[in-house]
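[1] Dropping the sequence and predicted coords here.
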Amino acid sequence: MKYVIKGKTLFDGNNILNANSVLVEDGIIREVGNNIKSDDIREYKDAFIMPGMIDAHIHLTGAKSGNLIMESLIEDPNAKLLETIPWLDKLLKAGFTTVRDCGGTNAIYLRDAIRKGYLTGPDIIAAGKPLSQTFGHGEFSHTIPIKWNEDRGMSQICDGVDECIKGARTVLRQGGDFIKIFSTGGVLSQKDRPDQEQFTIEEIKAIVNEARKSGTYVAAHAHGDQGIKNAVVSGVKTIEHATLASDKTLKLMAEYSVSLTPTLSIQELLVKYGKQLGVSAWGLQKITDVIDGIKHVLPKAKELGINILCGTDLGFETGKDIDIGKNWNELILMTKYGDMSPIDALRSATGNVNNIGIHKGRLSADYNADILVIDGNPSENISDISRINHVYLGGKEVL
Ligand SMILES: [Zn+2]
């Protein structure tokens, strides 16, 4: 099947083009140019045409409350997997044609089912179980038996270089596309603190080496400055959150070409609605410790030329204005808190993923025809990013 999508303004994942049409054939973009001829021209007169977006940090848990520990312990994991299926449609309709799941086993099954054609949904890049040290962020609760965390797929616990090597190999064997680790404590884990280092440099290096051998990379959850530094010098490719990074560490990130996913949505969500949504008292306390950090970190990261990725870190349904299916809010928050222009925000959800080896997010020959048709012009008014009219996924119209 061959057709042309024609609009008013074209954003190719990097810049606004002096072009108005995209030629699609067999699900692939063949050409981008002006007034390309075709027997099948789909003209969207005043529309903004851009690549499908990528949420580079999500958790496809199927959870319905902010009390993730209770849900994961008392509900059947198979049921949770099935309950995640409606999210796929919500994500597509929100213009997200690819998601990178930063921890959880559901994503592996959903990814494979989508690729086999059993389900329709965004392409999923999955970490599988994240690696955590004992007394780490990967244990949501530090009072329940540690085995429960592992049995319910929250994390692979490893301590010492040998166990880290084995842990890395285990999650790759289970189908992980990349490896997610926790190199500091976090907000939604009971007793560790966001500024606390987790794993040693030796442990992180061992995991990075295993990822490298399999042709992939490591993404590190990290809030505290020292834990970010440890991850960067060990060869990690993306830092998730980075709320407490010092300017010096951000410079190091720039030097090592490490990408940053600031995850503003989850922070805004926890501050605004955490209590209502059943987030535990310790989580509510700890979010206040980190919330202001990113407002300094993000403008500085931008100034240093660090590659910034759009990642919401959403992992449960909220019924609020920040929710699965409204992931584009992240872009609006970037312009609000990050000193980023609308174009910078759009790039973070599209072309910037090329820097971490994801061949998506471009209106360019040989890329998948994941294409959005949007009312208004989000490169001028970022809130127009919510006005999604049509979504093409691999050339097929899904909205
Ligand atoms: Zn996360």
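    Sure, I can see it.

[2] Give the residue spans of the chain that score low on pLDDT.
    Applying pLDDT under 70 to the chain flags no residue at all.

[3] I'd assumed L363 was in a strand, is it?
    No. Looking at L363 with DSSP: H, G, I helix; E, B strand; the rest coil, it is coil, so not inside a strand.

[4] quick one: it and R30 touch, right?
    No. The pair L363 / R30 is not scored as a contact, 11.3 Å apart, by CB atoms under 8 Å. For the C-beta atoms, the positions are set from N, CA and C on the backbone; glycine is no exception.

[5] Which one's more surrounded, those two?
    Between L363 and R30, L363 has the larger neighbour count (other CB atoms under 10 Å), namely 26 against 15.

[6] Helices of the stretch 201-350 of the chain, residue ranges please.
    Remark: helices assigned in the stretch 201-350 of the chain by DSSP state H, counting those that start in this stretch are 201-213, 225-233, 247-255, 264-273, 281-290, 293-303, 329-337, 342-348.

[7] Can you tell me which helices and strands the first one packs against?
    I take that to be helix 201-213. helix 160-173, strand 179-182, strand 218-222, helix 225-233 (3 or more CB pairs under 8 Å, 6 or more residues apart in numbering; DSSP states H and E).

[8] swap in the last one?
    For helix 342-348, the helices and strands in contact under the criterion 3+ CB pairs under 8 Å, 6+ apart are helix 329-337.

[9] same deal with the fifth one?
    Under the contact criterion of 3+ CB pairs under 8 Å, 6+ apart, the helices and strands touching helix 281-290 comprise helix 264-273.

[10] How about the contacts made by the residue in the stretch 101-250 of the chain that the ion sits nearest to?
    The ion sits closest to C102 of the stretch 101-250 of the chain, with a gap of 4.7 Å, by CB to the ion. By CB atoms under 8 Å, 6 or more residues apart in numbering, the contact set of C102 is H57, I58, H59, A127, P130, K180, A219, H221, E240, G311, D313.

[11] burial of the residue of the chain found nearest the ion, as a residue count?
    Residue nearest to the ion within the chain (CB to the ion): D313, separated by 4.3 Å. A count of nearby residues for D313, using other CB under 10 Å, gives 26.

[12] Find out how far stretch 176-183 is from the centre of the chain, if you would.
    Distance of stretch 176-183 from its chain centroid, counting by CA atoms, centre = their mean, to the nearest Å, is 13 Å.

[13] and that stretch, does that touch the ion?
    No. Stretch 176-183 stays clear of the ion (CB under 5 Å from the ion), getting no nearer than 8.1 Å.

[14] can you redo the helices and strands packed on helix 201-213 as TSV with mean neighbour count?
    Output for the helices and strands packed on helix 201-213, formatted as TSV (neighbours: other CB atoms under 10 Å):
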stretch	mean neighbour count
helix 160-173	18
strand 179-182	30
strand 218-222	30
helix 225-233	24
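
[15] which residues touch the nearest residue to R387 once chain neighbours are set aside?
    Among residues not flanking R387 along the chain, D375 sits closest, at 4.0 Å (CB to CB, 6 or more residues apart in numbering). Contacts for D375 were tallied using CB under 8 Å, 6+ apart; they are D46, A47, F48, D384, R387, N389.

[16] redo that, cut-off 7 Å
    A47, D384, R387, N389 (CB atoms under 7 Å, 6 or more residues apart in numbering).

[17] same deal with L91?
    V99, G121, P122, I324, G325, N327.

[18] Would you point out the most distant pair within the contacts of C102?
    P130 and G311 (14.4 Å; CB to CB).

[19] okay, those two: which has more neighbours?
    G311 (30 against 26).

[20] Can you tell me the SS state at the nearest residue to the more buried one once chain neighbours are set aside?
    Take G311 and drop its neighbours on the chain: the residue closest to it by CB to CB, 6+ apart is H57, 2.7 Å away. Look at H57: counting by three-state DSSP, its state is strand.

[21] picking up where we left off before, redo the contacts of C102 as TSV? Include distance to G153.
    Compiled in TSV, the contacts of C102 are given as follows (distance: CB to CB, whole Å):
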residue	distance to G153
H57	18
I58	16
H59	11
A127	12
P130	10
K180	13
A219	18
H221	17
E240	19
G311	21
D313	18
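
[22] Which segments of the protein make up each domain?
    What automatic domain parsing lists as the domains of the chain is 2-50+362-397, 53-356.

[23] Now do the last one: distance to the chain's middle.
    Taking CA atoms, centre = their mean, one finds the center of domain 53-356 at 7 Å from the center of the full chain.

[24] what does this protein put close to the ion?
    Residues of the chain lying near the ion (CB under 5 Å from the ion): C102, D313.

[25] Considering the contacts of D375, which possesses the most neighbours?
    A47 (22 neighbours).

[26] Next up, the contacts around the nearest residue to it once chain neighbours are set aside.
    With CB to CB, 6+ apart as the criterion, A47 has its nearest non-adjacent residue at 4.1 Å, and that residue is G7. Contacts for G7 (CB under 7 Å, 6+ apart) come out as N20, Y44, A47, F48, I49, V373.

[27] thought the third one was touching L10?
    No. Checked against CB atoms under 7 Å, the pair A47 and L10 is beyond contact range at 9.7 Å.

[28] Next, the buried residues of the stretch of helix or strand V22 belongs to.
    Per DSSP states H and E: V22 is located in strand 21-25. Across strand 21-25, burial judged by 16 or more other CB atoms under 10 Å covers S21, V22, L23, V24.
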